[in-house]
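Visitor: got a sequence here, can you model it:
(2 chains)
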Amino acid sequence: MTETRDYLLEIGTEEMPSAPLMNAQKQLQTLVARGLDEAGLAHGAVRTLSTPRRLAVIVEACATATEEIHDVKRGPAVEIAFDADGNPTKAALGFARKCGVEADALVRRTDTDGRTYVFAEKSIPSAPALPLLAALSERVIGSLEWPNYRSQRWGSEHAGFVRPIRWICALLGGDVVPVSYADVTSGNTTRGHRVLGPGEHVVAEPAVYEQVLESCCVLGEQRRAEVIRAGIASVEAERHGAHVDTPQRIFDEVVNLCEWPSIVVGSFDEAFLAVPHEIIVEAMLKHQRYFPIHAPDGSLTREFVIVSNADPAVNGTVRAGNERVVRPRLDDAKFFYDEDLKIGLETFRARLSQVIFQKRLGTMLQKSERMEALARETAMRATGDDELASLAARAAHLAKADLVSQAVVEFPSQQGVMGGYYAASQGEPAAVAEAISQHYRPRFAGDEMPEGAVGKAVAIADKLDTVCGIFAIDEPPTGSSDPYAVRRAAIGIIAMLRTLERVPLAALIDVALRSYAEQGIEFDFDATAAKVASFFATRLAGIAREEGISVDTIEAVSAVGVIDPDEFIRRARALEDARSNAPELFDDLATAYARAAHLADASLGSAVNETILGDAERALLVACASGERSVEDALAHGDYDAACKALAELREPIDRFFDDVMVMDEDTVVRENRLRLLNRFTEVFADVADIGCLSKK
Amino acid sequence: MNADALTFQDMISALERYWASQGCTVMQPYDSEVGAGTFHTATVLRSLGPAAWRTCYPQPCRRPADGRYGENPNRMQHYYQFQVILKPCPQDSQELYLGSLAAIGLDPAEHDVRFVEDDWESPTLGAWGLGWEVWLDGMEVTQYTYFQQVGGIEVDPVPVEITYGLERIAMYIQGVDSVFDLIWSYLPDGTPMTYGDVFLENEREFSAYNFEVANVEMMRAKFEDYEAECHACLEAGLPLPAYDCVMKCSHAFNLLDSRGAISATERANYILRVRTLAKACCESYLELVASRAGASGEEVA
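Guide: Prediction:
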């Protein structure tokens, strides 16, 4: 058994930013585990730990040396390995090369079978771990990456890291692993909390590393998260069911802004509760990383949670200081809001002529004009109610105005929300204010939708206008680039249309593109409409797949060209259900359909001469006629189960037809009449599904 | 106000003394209008080239569009920064910085001091760096940046720039809510001279000037004239006067902006013109001055 010891690498730095730090910690785990394996060092568990000022990896039971390797391989027999002159043959050279030894290092030996062969013997002596770990550590530090960020240089050094490295603690058991990177050389010390455990602290061996950290007031990221969660839980408990809002990204940042967290509760002036809570909450969360406290009924309170990194003894100073800071922040928010209220949405809207929506698609003012027409159309189709359509148009008219309000310039993620407040305060109907407020929804797949039909109409208008515009200028999203988030927009539109079943998507695309054309944007109308429709079809297929409908069913339904989300999904589901109820029948039908479609010659048409039909043919013709009627009837009622059932009834007659009838008769008249009958048969399916897709297994 | 707190001028002196003791050359503000302490030649141009350099100085900054006629307790068109440059940045720059807080009465052990990611980029200077805004009990008191590029040129060695927001820190130390209530100094009889006594009239008049009076045609002409002058200086191999012209252009642009005389497309174009000049000055300074100084330094070594 090789001797083992724990290995520690701590990269001590100046304060690293949260997201790159979290990413690097993940990389560190992988890089070290892989590096140890490659170096041939056996090891136990690999753990990592981070604080804003350090990235550390602790490896349990790392071998202090690699295993000695003694490898013997038998090659060709001697008489094959050497020619008459005793020179190695191609066979010997090939064997040597394969084994990684020189040909003259091959040895001759008699094996148990009595024959003499050449052998390649390779011995790699055991190597001590220390130099391997030194090289590994340096390589790991240099190969951490900073995606979506960059690294920096410092001092006179040319090596980079996310922030300057100030110390390296690298140990194998009690021995320092000699590591150097930029201007730093490793030692056996770590550094404590800046004020609670300042200076260097000796780490006797990796096993005590975390104890040493704790003794100088430094906790790893998991412990810090626990301490903060526990602190927040007791704040909530003390306030009997209050709720502290801790969005994950801000929470992560807060965890990565301290080494020794303590919880402090501050409060702001009552007067600020009169300001829209959304901007108060955002000012606290985003600008100050405070967590707002909500009362048990969900309403915002004046209190907020501060996570301090200072000595808990100075919590009073920290609270007072933070309360002083939040005041001008909230003052600003209140000032912007009050000023915005004085201006009014129509005035703001006029200023949208100065805001570019998209270089080639014009200004935000033009967008809001297009949205107005589209929202009216959408609401009218959805509700059939003139009044609601007018409300939707009004909301769309004002929806983008708040983009130039001071509050939204300062708090961009409150776009829409602020517009809702301004609309309400200038006496717009509640439905208009609500629609403006919610028209950016859904912001992501599964997000809440606007509550009412008016809001949905405006949200659809906003998103569909963007999708159509981007296709009109032929800049569709690519795998890596979707700057206007049109994929997300399309998914949002689909989600909303599924709740508004009477709204035909193709008609809306038409209205949207027409507005662009009227505005003077030049594009090929029909080609663009087709591209947009196919873009939606692809999204729809994706959604249907996510909902468990099988790929061939989706393909069969897609072939019909339906893009109305609700109808598409209901058709797909009906066919999927029909198939699963009678799998054999549909397999059979699909095969027959594929055969018919394969033989069919569209140029012959489907006018069958009934007088020359045999029994099986006549039976099929009758079934087609009644199938056509049933399908038409079912589709008219949106009853897709019935449509599938009607198709299923064609199975017997078509099977009988193929069993009894030889389609390719020598007599042209007979043959063509039979082909016309098959055309008639496939036509029954045309508006339901391309059943042939189901036969391609 | 806190009785034992430093006055505004004592705070500046304390910072100067502290950084002087760390080997900084104590300089005076650049004697032309600048938008930030960074624009001083002692920062921008001295960041270039191999020579070591340490300096500190207070810098009045002019941001015409930020004026509020002296009516906002936190916003002004003229305010102070205190600027420190350490080149190359030493290993203990953060500790030195924390020491400077203690020197103005803010013992880091008694406050919550954080280094919060805030990277810096100046399109007009073609410069960027990584660093933090420093929070003291939640308040941003300092911008802390490791320059990586200035004038589009990689800096080597790397300077660290430490920029204190003086009024904000003083308000915190003195415990006042309006900048105009800050105590700047005391008369012999103990009567306080406030920041308002010194600068309130200045804020009122300059806000009016910046927003209502400044002669737009003259500012446009001034921009053109100084732009041409900058090129003339560069042709004569004089990067320092050329850079001086860039600051004049920049201020003229800021006044045009506060007068609302610049459209969105014009604005981008003006910024591009300033950047072009600034980069040319940096390149000229590196070629004619900073590299030369470095080369002679290497000969000595």
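Visitor: figure out how far stretch A:77-91 is from the centre of its chain.
Guide: 62 Å (C-alpha atoms, centre = their mean, to the nearest Å).
Visitor: now that stretch: buried residues?
Guide: Using 16 or more other C-beta atoms under 10 Å in any protein chain shown as the test for burial, stretch A:77-91 gives A:77-78, A:81-82, A:88. C-betas here are computed from N, CA, C, even on glycine.
Visitor: among those, which one lies nearest to chain B?
Guide: residue A:88 (55.2 Å; C-beta to the nearest C-beta).
Visitor: look up the closest residue to the closest one, ignoring the ones flanking it.
Guide: Once flanking residues are discounted, residue A:88 sits nearest to residue A:103: 4.5 Å by C-beta to C-beta, 6 or more residues apart in numbering or on different chains.
Visitor: per-residue pLDDT, that neighbour?
Guide: pLDDT for residue A:103: 84.
Visitor: that one touches residue A:89, doesn't it?
Guide: No: here residue A:103 does not reach residue A:89: they are 9.6 Å apart, not a contact under C-beta atoms under 8 Å.
Visitor: what kind of secondary structure is residue B:54 in?
Guide: At residue B:54, secondary structure determined by DSSP: H, G, I helix; E, B strand; the rest coil is strand.
Visitor: quick check: the gap between it and residue B:286.
Guide: Distance, residue B:54 to residue B:286, using C-beta to C-beta, to the nearest Å: 19 Å.
Visitor: residue A:140 now?
Guide: Distance, residue A:140 to residue B:286, by C-beta to C-beta: 36 Å.
Visitor: again with residue A:501
Guide: Applying C-beta to C-beta to residue A:501 and residue B:286 gives a distance of 68 Å.
Visitor: now residue B:87
Guide: For residue B:87, the distance to residue B:286 - C-beta to C-beta - is 14 Å.
Visitor: these two - which one has more neighbours?
Guide: Between residue B:87 and residue B:286, counted using other C-beta atoms under 10 Å in any protein chain shown, the more crowded position is residue B:87 (25 against 21).
Visitor: need the contact list for the more buried one.
Guide: Neighbour list for residue B:87: B:46-47, B:51-54, B:157-160 [criterion: C-beta atoms under 8 Å, 6 or more residues apart in numbering or on different chains].
Visitor: can you add pLDDT and distance to chain A and give those back as JSON lines?
Guide: Supplementary listing: the contacts of residue B:87 in JSON lines, determined by pLDDT from 0 to 100; distance: C-beta to the nearest C-beta, whole Å:
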{"residue": "B:46", "pLDDT": "97", "distance to chain A": "16"}
{"residue": "B:47", "pLDDT": "97", "distance to chain A": "13"}
{"residue": "B:51", "pLDDT": "95", "distance to chain A": "12"}
{"residue": "B:52", "pLDDT": "96", "distance to chain A": "9"}
{"residue": "B:53", "pLDDT": "97", "distance to chain A": "13"}
{"residue": "B:54", "pLDDT": "98", "distance to chain A": "14"}
{"residue": "B:157", "pLDDT": "97", "distance to chain A": "4"}
{"residue": "B:158", "pLDDT": "97", "distance to chain A": "5"}
{"residue": "B:159", "pLDDT": "98", "distance to chain A": "10"}
{"residue": "B:160", "pLDDT": "98", "distance to chain A": "8"}
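Visitor: PyMOL command for the buried members of those?
Guide: This is how PyMOL selects the buried members of the contacts of residue B:87, with burial counted by 16+ other C-beta under 10 Å:
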select buried, chain B and resi 46+47+51+53+54+157+158+159+160
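Visitor: widest-spaced pair of the contacts of residue B:87?
Guide: Longest distance between any two of the contacts of residue B:87 is 15.6 Å, between B:51 and B:160; criterion C-beta to C-beta.
Visitor: so what's the residue count around the residue nearest to residue A:75 when sequence neighbours are not counted?
Guide: Using C-beta to C-beta, 6+ apart and skipping residues adjacent in sequence, the residue nearest residue A:75 is residue A:95, 4.0 Å away. Residue A:95: 24 surrounding residues under other C-beta under 10 Å.
Visitor: what segments of chain B are strands?
Guide: For chain B, the strands defined by DSSP state E occupy B:25-26, B:53-62, B:78-87, B:113-117, B:120-122, B:127-136, B:139-150, B:153-154, B:160-165, B:183-186, B:192-194.
Visitor: so where's the chain uncertain?
Guide: I went with chain A, as the question did not name one. For chain A, residues meeting the criterion pLDDT under 70 lie at A:1, A:696-697.
Visitor: wait, chain B
Guide: B:1-3, B:264, B:293-301.
Visitor: how about the residues of it near chain A?
Guide: B:73-74, B:88-91, B:94, B:98, B:108-117, B:129-130, B:132, B:136-139, B:146, B:148, B:156-158, B:172, B:177, B:264 (C-beta under 8 Å from any C-beta of the partner chain).
Visitor: ok and the residue in chain A nearest chain B?
Guide: For chain A, C-beta to the nearest C-beta, closest residue to chain B: residue A:321, 2.5 Å.
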